[in-house]
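**Student:** Show me how the following folds:
(chains A and B)
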Protein chains: 2
Amino acid sequence: MSLRPVVALAGGVGAARFLSGLVQVVPPQDISVIVNTGDDRDFFGLRVCPDLDIITYTLAGCIRSDTGWGLAGDTFDCLGALRRLRSDTWFQLGDQDLATHIHRTARLREGASLVEVTREIAAAFGVDVELLPMTEALAPTRLLRRDAEPSDFEEYLVRDGAPDDIEEVDLSTAGSAAPAPGVLPAIDAARALLICPSNPVVSIGTIRAVRGVEERLRARRDAVAVSPIIGGKPVKGPADRLMRAIGAEVSALGVAKLYQPIASGIVIDRTDAQLGPGIEALGLRVRTGETLMQNARISRELAALTLELAMEAA
Amino acid sequence: MSLRPVVALAGGVGAARFLSGLVQVVPPQDISVIVNTGDDRDFFGLRVCPDLDIITYTLAGCIRSDTGWGLAGDTFDCLGALRRLRSDTWFQLGDQDLATHIHRTARLREGASLVEVTREIAAAFGVDVELLPMTEALAPTRLLRRDAEPSDFEEYLVRDGAPDDIEEVDLSTAGSAAPAPGVLPAIDAARALLICPSNPVVSIGTIRAVRGVEERLRARRDAVAVSPIIGGKPVKGPADRLMRAIGAEVSALGVAKLYQPIASGIVIDRTDAQLGPGIEALGLRVRTGETLMQNARISRELAALTLELAMEAA
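**Tutor:** As a prediction, the model looks like this:
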């Protein structure tokens, strides 16, 4: 195992877009990404790892661009046929996408580790960034809800459409999960430690919950984050609902407060510049930039700015 | 469990076409089919049961007609994507077809029996014939070969193109397998017992090898078979190679000799009429008819003729 100088903590679509910028400013061989697996689950016996796949497909350049997940041009014939046989077919799994899940499941059942399988899949897609699942264990985030049964994250997000009914975020399975081999050494050895613009509660928060991770991050306290909240709203996904559920303010300042114990800096959108002094008062360095990653140039510039802030700290 | 009056032993494509005729002359609710599962195997962790599926899809009217297997109009996007990840992708599994295997595998892993899952799949496809796998166990036929490693049947047939190199047919896994619940009672209770035009060695032979089956068939000795050999050649598949491998003559007479211990009659193609006296000398009643099932009418007439011969015996 060779340790890589740039290490990022990552969740789904926002992280994937950020990382697609990062590989334009750092050789992919120099980047390790610790990826949230708290949203992983089995569908019809197949292990689906949404964040790992979103990042793999994005870095491979074959992501479906309108949604940010799934494969470009994928079809849904298998899922259509499954509907004849089953009722739990609410998660959109395309025919080519299913190949990833079938292969992963087969390899896991053969005894391969998730780290190995993830490496094999990345290699097959020509992705040179190292993707490290946060843990080998299945450690689903559990959401306790006002008007519904407790749900895992995909049930909440995809099946139920992410209503504003979360009462409690239960990360206890991640809390009792061992970090995957390579995760803690990667954090320890990083020259630059980045936190992608991901959901701070159920993506980054879940990674932080894994045994030993938060301790290492606090020991360094030099991560540099990108706020996923712009103008008080998440770019995509239910980060606002999740942040409210844990009592956090839905703003770049609220994000900064969550990251204060582990971070030395944060990049916020230039439209949130007025929040800068408040964040600096928390002891964090602040940079403002364009953070809505609508194209490859913006992703690249955002990654460069974030990396610069992290290297400055080093 | 209600026992059905018409019971057929069946393999793949020929059996499926015959059964599609049989349901035109007998209500499907009156038919049980004991299906060879000796060709079953896992592909990428998914349980594939070729003969069960060929029969289900054929009776559902959605079989791909040019091949006799797979689903009409199916696409192969998942398999194409799997090729990027794996090398064992030589078996043609379509996107919609995969749904069957994914569902079956998931249900088996949940603890459902193959009998139950088969019933569920048949119901989802609107098939009222009862399909009984010969056994719940995975009992692969093993072929010992002159110029290749020992193979299972699909490796031999599909991967290697069915060369003429078989030295020995090893049915020992079937021999030590327990019959699936319902198989022996179905045989015992049948008013008409039919042997579909299937490979007599690795389809019907495999069913006969299952513990207790041959004994029950011999006790009755009133099955009526349809010869899958016409003019000294199989209609489809490698029955000639398999018959030669066990020292049988590749002809309707050779088929009759194989079935002599369990049958009271056989339907042969009218082009083989000259073999009738030799078969009768074995103690079997013979009918000649059109056995090359090129359309629904021929299938229906062949089924009617076979059933008539069986009922005559009863």
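**Student:** element containing the residue of the stretch 151-300 of chain A found nearest chain B?
**Tutor:** Distance from chain B to each residue of the stretch 151-300 of chain A (CB to the nearest CB) is smallest for A:Glu154, at 16.8 Å. Where you see a C-beta, it was placed from the backbone N, CA and C, and this is true even at glycine. Mapping A:Glu154 onto the secondary structure by DSSP states H and E places it in helix A:153-154.
**Student:** Give me the contacts around that helix.
**Tutor:** A:Gly38, A:Asp39, A:Arg41, A:Val48, A:Pro50, A:Phe91, A:Pro140, A:Thr141, A:Leu143, A:Val202 (CB atoms under 8 Å, 6 or more residues apart in numbering or on different chains).
**Student:** now stretch A:202-209
**Tutor:** With CB under 8 Å, 6+ apart as the criterion, stretch A:202-209 contacts A:9-12, A:15, A:34-39, A:51, A:134, A:139, A:141, A:153, A:169, A:171, A:174-175, A:195-196, A:198-199, A:213-214, A:217, A:225, A:242, A:258-259, A:262.
**Student:** so how far is it from its chain's centroid?
**Tutor:** Mean C-alpha position of stretch A:202-209 versus that of the full chain (CA atoms, centre = their mean, to the nearest Å) differs by 9 Å.
**Student:** now swap in stretch A:58-71 and tell me
**Tutor:** For stretch A:58-71, the distance to the chain centre is 15 Å (CA atoms, centre = their mean).
**Student:** can you tell me the average pLDDT over it?
**Tutor:** In this model, stretch A:58-71 has a mean pLDDT of 95.
**Student:** picking up where we left off before, so which elements touch the helix or strand following the helix holding A:Glu154?
**Tutor:** Moving toward the C-terminus from helix A:153-154, the first helix or strand encountered (DSSP H and E) is strand A:166-170. On a contact count with 3 or more CB pairs under 8 Å, 6 or more residues apart in numbering or on different chains; DSSP states H and E, strand A:166-170 meets strand A:142-145, helix A:239-245.
**Student:** The first one pairs with which strands, and in what direction?
**Tutor:** Going back to what we said before, that points to strand A:142-145. Under the criterion DSSP bridges, strand A:142-145 sits next to strand A:151-152 (antiparallel), strand A:166-170 (antiparallel) in its sheet.
**Student:** residue contacts, the closest residue to chain B within the stretch 101-250 of chain A?
**Tutor:** Per CB to the nearest CB, A:Ala106 is where the stretch 101-250 of chain A lies closest to chain B, at 3.6 Å. Listed by CB under 8 Å, 6+ apart, the contact set of A:Ala106 reads B:Phe44, B:Gly45, B:Leu46.
**Student:** Next one: it, what pLDDT does it get?
**Tutor:** Model confidence at A:Ala106, given as pLDDT, is 98.
**Student:** can you check the one 4 residues further on too?
**Tutor:** According to the per-residue confidence, A:Glu110 scores 97 in pLDDT.
**Student:** again with A:Ser2
**Tutor:** A:Ser2 carries a pLDDT value of 70.
**Student:** For it, the count of nearby residues, please.
**Tutor:** A:Ser2 sits with 7 neighbouring residues when counted by other CB atoms under 10 Å in any protein chain shown.
**Student:** now it, what's its secondary structure?
**Tutor:** When classified by DSSP: H, G, I helix; E, B strand; the rest coil, A:Ser2 comes out as coil.
**Student:** same question, A:Gly126
**Tutor:** On the three-state scheme (three-state DSSP), A:Gly126 is labelled coil.
**Student:** Next, the closest residue to it other than its chain neighbours: phi, psi?
**Tutor:** Closest residue to A:Gly126 apart from its sequence neighbours, by CB to CB, 6 or more residues apart in numbering or on different chains: A:Ala60 at 5.9 Å. The phi and psi torsions at A:Ala60 (degrees, to the nearest 10) take the values phi -80, psi -10.
**Student:** pretty sure A:Ala60 is touching A:Ala124, no?
**Tutor:** No - taking contact to mean CB atoms under 8 Å, the distance of 9.0 Å between A:Ala60 and A:Ala124 leaves them out of contact.
**Student:** re earlier: mean neighbour count, the helices and strands packed on strand A:166-170: which tops it?
**Tutor:** Counting by mean count of other CB atoms under 10 Å in any protein chain shown, helix A:239-245 has the highest mean neighbour count of the helices and strands packed on strand A:166-170, with a mean of 22.
**Student:** if we look at that one, which residues are touching it?
**Tutor:** If you take CB under 8 Å, 6+ apart as the criterion, helix A:239-245 is touched by A:143, A:162-164, A:166-169, A:199-202, A:228-229, A:233-234, A:249-250, A:254-255, A:258.
**Student:** which residues does A:Asp269 contact?
**Tutor:** Counting by CB under 8 Å, 6+ apart, the residues that A:Asp269 touches are A:Ser227, A:Ile230, A:Gly231, A:Ala252, A:Thr288, A:Gly289, A:Glu290, A:Thr291, A:Leu292.
**Student:** Tell me the residue in chain A that is farthest from the middle.
**Tutor:** Summary for chain A: using CA atoms, centre = their mean, the residue whose C-alpha lies farthest from the chain's mean C-alpha position is A:Arg84, with a distance of 33.1 Å.
**Student:** Can you list the residue ranges for helices in the stretch 151-300 of chain A?
**Tutor:** When secondary structure is read from DSSP state H, counting those that start in this stretch, the stretch 151-300 of chain A shows helices at A:153-154, A:172-175, A:183-189, A:204-209, A:213-220, A:239-245, A:252-259, A:276-280, A:296-313.
**Student:** buried sites along the fourth one?
**Tutor:** When burial is assessed from 16 or more other CB atoms under 10 Å in any protein chain shown, helix A:204-209 yields the following buried residues: A:Ile204, A:Gly205, A:Thr206, A:Ile207, A:Arg208, A:Ala209.
**Student:** Those residues of chain A touching chain B, which are they?
**Tutor:** Chain A has residues A:44-46, A:71, A:74-75, A:77-82, A:84-86, A:94-100, A:102-103, A:105-106, A:109, A:120-121, A:124-125 near chain B, with proximity defined as CB under 8 Å from any CB of the partner chain.
**Student:** Let's see which of these end up in strands.
**Tutor:** Cross-referencing the residues of chain A next to chain B with the strands (criterion: DSSP state E) gives A:Leu46 as the overlap.
**Student:** Just the buried ones among the residues of chain A next to chain B, please.
**Tutor:** The neighbour-count test (16+ other CB under 10 Å) marks A:44-46, A:71, A:74-75, A:77-79, A:81-82, A:85-86, A:94-100, A:102-103, A:105-106, A:120-121, A:124-125 as buried among those.
**Student:** how many neighbours does A:Asp88 have?
**Tutor:** 11.
**Student:** quick one: secondary structure of it?
**Tutor:** Assigned with three-state DSSP, A:Asp88 falls in the coil class.
**Student:** residues contacting it?
**Tutor:** Residues in contact with A:Asp88, defined by CB under 8 Å, 6+ apart, are A:Phe43, A:Phe44.
**Student:** Would you mind getting the angle between the helix or strand encompassing A:Thr56 and helix A:296-313?
**Tutor:** Under the assignment given by DSSP H and E, the secondary-structure element containing A:Thr56 is helix A:50-59. Inter-element angle recorded for helix A:50-59 and helix A:296-313: 110 degrees (by axes from the mean of the first three to the mean of the last three CA atoms, to 10 degrees).
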